[in-house]
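Engineer: Got a predicted model here, sequence first, then my questions.
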Amino acid sequence: MDILIRNTGDMPIYEQIVQQIKHLILKGELAEGTPLPSMRLLAKELRISVITTKRAYEELEREGFITTVTGKGSFVAGKNMELVREEYLRRVETLLGQSVDLAREGNIPLSEVLEMLRLLYDDHEAN
């Protein structure tokens, strides 16, 4: 499992780990039941604190992406399709929010933004 940590930017390290593991799960690269590295091993590989990996794993478990079995480790949880859909909706909402902010700064009317979105959506659907 390749996780890249960036020390620049505003995103905390634990959140970078959470986002990257979620991404791997949502893409199907980490299947249900796949064991994750131990918190200690991941911390060692990334050269970060075990506390940071613990926080990331706790967040992933709280959101239903992984399960932890005492004495055995952490594993990718079964995909709850509603959970997967909610995660995608949240990500789309975040990106669209950024787009709306940018459009307002540029004084671009909603009608033009909607037309761009339709064109982009149709173009990607055709491919």
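Structural biologist: That came in fine, so what should we check first? Numbers count the residues shown, from 1 in each chain.

Engineer: going forward, measure contacts and count neighbours with C-alpha atoms only.
Structural biologist: Noted.

Engineer: Can you tell me which residue is spatially central in the protein?
Structural biologist: residue 19 (3.1 Å; Cα atoms, centre = their mean).

Engineer: Helix or strand for that residue, just tell me which one.
Structural biologist: Per DSSP states H and E, residue 19 falls inside helix 13-26.

Engineer: Please save the CA atoms from that helix in PDB.
Structural biologist: Presented in PDB, the C-alpha positions along helix 13-26 are these (Å, rounded to 0.1, in the frame of the first residue of the first chain):
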ATOM      1  CA  ILE A  13      -0.900  13.900   8.100                       C
ATOM      2  CA  TYR A  14      -3.500  11.700   9.700                       C
ATOM      3  CA  GLU A  15      -6.100  13.200   7.300                       C
ATOM      4  CA  GLN A  16      -3.800  12.500   4.300                       C
ATOM      5  CA  ILE A  17      -3.600   8.900   5.400                       C
ATOM      6  CA  VAL A  18      -7.400   8.700   5.800                       C
ATOM      7  CA  GLN A  19      -8.100  10.200   2.400                       C
ATOM      8  CA  GLN A  20      -5.600   8.000   0.600                       C
ATOM      9  CA  ILE A  21      -6.900   4.700   2.200                       C
ATOM     10  CA  LYS A  22     -10.500   5.800   1.500                       C
ATOM     11  CA  HIS A  23      -9.500   6.400  -2.100                       C
ATOM     12  CA  LEU A  24      -7.900   2.900  -2.400                       C
ATOM     13  CA  ILE A  25     -11.000   1.300  -0.900                       C
ATOM     14  CA  LEU A  26     -13.500   3.300  -3.100                       C
END
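
Engineer: name the element residue 75 belongs to?
Structural biologist: strand 73-76.

Engineer: Show me the helices in this protein, by range?
Structural biologist: Along the chain, the stretches classed as helices by DSSP state H are 13-26, 39-46, 50-62, 81-105, 110-126.
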